[in-house]
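**Student:** pasting the sequence and the predicted model now:
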Amino acid sequence: MTVDSEPVIKITNLIKEYKMFDKKIDRLAEAVIPRYTKHHTFRAMNELNLEVRRGEVLGILGKNGAGKSTLLKMITGVVFPTYGNIEINGKISSLLELGAAFNMELTGIQNIYQHGEVMGLTREQIESKKDDIIKFADIGDHINQPVKTYSSGMFARLAFACAINVEPDILIVDEVLSVGDMAFQLKCFKKFEQFKKSGKTILFVTHSIVDVLKNCTRTIIIDKGTKIFDGDVKEGVDKYKKLIVGLDIDDEIEQEIVEQKAEKEVTLSSGEIWKNNFELNPDELIYGTNSVDIIDYGIFDSKGNYQHLIKNSEEVTIKIKVKFNEPLDNPIFAITIKDISGTEFCGTNTMVNRIATGHFNKGDIVVVSFKQVIPIKPGKYTLSFGCTNYNKDGDLEVFQRRYDTIFIDITSYKDCIALCDLNSEITLKSIT
């Protein structure tokens, strides 16, 4: 994959504003009454300038509501700018709203032709692509049935196949890289890799830092409609990590002070609330006898700083803070890591490590630290915590479990085969 000097997208002073009304009646009144003004203006995009060159894979990062999807919709022509200019040099295919050009009354075959016409293809070009689209979608005889009879999975497969098989110069992807079952997802990722290798220009919006590090050649960060960073992928990811925890991405001195303060407070102060610095799951499951409360938890690097993006080859420390509501002997402290489907990938506890935890009185607070490398494949996971024990009859007592509590991102700067990274040291020795 090579990047040349020719810009395929050039954006100048791009502004998008929306009228906001406190009441529905105000919207109607302003529409029908001359000089009646009752709206305030929300600026979703603020004087953005951007050039994207042929062959670049641009990762667009930003918090929810930052303006990422608004930008892509203006580039694809779904939404029009309030001010500014967008120049496009090449054919665009977007994976923003799959199937937006479909007619629900038409069959799958008919929609393939309609989608191709919307994309500007001739009848002959559509004919040449039809078989590839049908094969890629792989929905069998349903291709001859009205789309309104499709399941949501079949609809997404056909829509994705249509969007990805028209050989665009520019591909727009907004959080919909994979749809359908695992076999179809594998085809989607392979097709995406083909686009990258063939030098297509790709604009990629995602909340996954892992996907940005793996796929992109350049990164921009948008915050409140304003582009606040444009440059190297790793540097952009590091700055985005600061942004999501509320730090100034350009104030390195402030960052050092914050990190030093965090390190000191983590080790010396009981007043620091670790969990407030992480992405928490509002739907976590908590249950148990309430003999203890797991009151705080966090992930830290070797210097004691909060660790939001975990490299699967570097050591981290997972800490939980447990308060005892009654006296207990030798409780078992545990952590578990699960993927987003709920599959337990790995975990450990004090019992399997043969650690006698001792006696605790009511009111005691203990910090339990699990220091290790987490050598699993890159992706989004949840971290769970537990405090349990076995009673004299051999039955498990759950004092408290907090399931799927923290969302964590595992990343790697190299590919990972299957479920874990063996982190092998490989050498070769010629014997001839």
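**Tutor:** Perfect, I can see it now.

**Student:** and the next helix or strand past the lowest-mean-pLDDT helix or strand in the chain?
**Tutor:** The weakest-scoring helix or strand in the chain, judged by mean pLDDT, DSSP states H and E, is helix 252-268 (a mean of 39). Going down the chain from helix 252-268, the next helix or strand is strand 285-287, by DSSP states H and E.

**Student:** in the stretch 201-350 of the chain, where is pLDDT below threshold?
**Tutor:** Low-confidence segments of the stretch 201-350 of the chain (pLDDT under 70): 210, 245-271, 341.

**Student:** make it 90
**Tutor:** Along the stretch 201-350 of the chain, segments meeting pLDDT under 90 span 204-217, 232-272, 279, 281-290, 302-304, 308-309, 311-314, 338-345.

**Student:** for it, what spans make up the strands?
**Tutor:** For the stretch 201-350 of the chain, the strands defined by DSSP state E, counting those that start in this stretch occupy 201-205, 218-223, 226-231, 285-287, 292-300, 309-311, 315-324, 328-329, 332-339, 344-349.

**Student:** and the first one with strand 218-223, angle?
**Tutor:** The reference is to strand 201-205. 40 degrees (axes from the mean of the first three to the mean of the last three C-alpha atoms, to 10 degrees).

**Student:** from the contact counts, what lies against strand 201-205?
**Tutor:** Applying 3 or more C-beta pairs under 8 Å, 6 or more residues apart in numbering; DSSP states H and E, one finds that strand 201-205 contacts strand 7-20, strand 40-53, strand 57-61, helix 68-76, strand 170-174, helix 182-197, helix 209-215. All C-beta atoms are positioned from the backbone trio N, CA, C, and that covers glycine.

**Student:** now whatever helix or strand comes next after the fourth one: buried residues?
**Tutor:** Just to be clear, that refers to helix 68-76. Downstream of helix 68-76, the first helix or strand assigned by DSSP H and E is strand 83-88. Under the neighbour-count criterion of 16 or more other C-beta atoms under 10 Å, strand 83-88 has 84, 86, 88 buried.

**Student:** out of those residues, the closest to residue 39 would be?
**Tutor:** residue 84 (21.0 Å; C-beta to C-beta).

**Student:** just the pLDDT for the closest one.
**Tutor:** Per-residue pLDDT puts residue 84 at 94.

**Student:** that one and residue 10 touch, don't they?
**Tutor:** No. At 11.0 Å, residue 84 and residue 10 do not qualify as touching, with contact defined as C-beta atoms under 8 Å.

**Student:** regarding this structure, what is its longest strand?
**Tutor:** When the chain is parsed with DSSP state E, its longest strand is strand 396-411.

**Student:** so in terms of bridging, what pairs with residue 411?
**Tutor:** Residue 411 forms beta bridges with residue 311, as assigned by DSSP bridges.

**Student:** dump the buried residues of strand 83-88 into TSV; add distance to residue 102 as well.
**Tutor:** Below are those laid out as TSV (distance: C-beta to C-beta, whole Å):
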residue	distance to residue 102
84	31
86	26
88	23
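
**Student:** quick revisit: measure how the longest strand of the chain sits relative to strand 292-300, angle-wise.
**Tutor:** Angle of strand 396-411 versus strand 292-300, following the same axes, to 10 degrees, is 20 degrees.

**Student:** name the nearest residue to residue 398, ignoring sequence neighbours.
**Tutor:** Of all residues not flanking residue 398 in the chain, residue 288 sits nearest, at 4.5 Å (C-beta to C-beta, 6 or more residues apart in numbering).

**Student:** for stretch 17-32, C-alpha coordinates in PDB please.
**Tutor:** This file holds the C-alpha atoms of stretch 17-32, laid out as PDB (Å, rounded to 0.1, in the frame of the first residue of the first chain):
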ATOM      1  CA  GLU A  17     -25.200  24.100  12.000                       C
ATOM      2  CA  TYR A  18     -28.500  22.900  13.200                       C
ATOM      3  CA  LYS A  19     -31.500  24.900  14.500                       C
ATOM      4  CA  MET A  20     -32.500  23.700  18.000                       C
ATOM      5  CA  PHE A  21     -36.000  24.300  19.400                       C
ATOM      6  CA  ASP A  22     -37.100  24.000  23.000                       C
ATOM      7  CA  LYS A  23     -40.700  23.200  22.000                       C
ATOM      8  CA  LYS A  24     -42.200  21.500  18.900                       C
ATOM      9  CA  ILE A  25     -44.600  24.400  18.500                       C
ATOM     10  CA  ASP A  26     -41.700  26.800  18.200                       C
ATOM     11  CA  ARG A  27     -40.400  24.900  15.100                       C
ATOM     12  CA  LEU A  28     -43.900  25.100  13.500                       C
ATOM     13  CA  ALA A  29     -44.400  28.800  14.400                       C
ATOM     14  CA  GLU A  30     -41.000  29.800  13.000                       C
ATOM     15  CA  ALA A  31     -41.800  28.000   9.700                       C
ATOM     16  CA  VAL A  32     -45.100  29.800   9.100                       C
END
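
**Student:** buried stuff in that stretch?
**Tutor:** Using 16+ other C-beta under 10 Å as the test for burial, stretch 17-32 gives 26, 30.

**Student:** before we move on, back to that, remind me what the longest strand of the chain packs against, helices and strands.
**Tutor:** helix 209-215, strand 285-287, strand 292-300, strand 309-311, strand 332-339, strand 379-390.

**Student:** now mean neighbour count and distance to residue 16 too, for those, in a markdown table please.
**Tutor:** Output for the helices and strands packed on strand 396-411, formatted as a markdown table (neighbours: other C-beta atoms under 10 Å; distance: least, C-beta to C-beta, whole Å):
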| stretch | mean neighbour count | distance to residue 16 |
| --- | --- | --- |
| helix 209-215 | 21 | 24 |
| strand 285-287 | 11 | 40 |
| strand 292-300 | 20 | 37 |
| strand 309-311 | 19 | 31 |
| strand 332-339 | 19 | 37 |
| strand 379-390 | 21 | 30 |
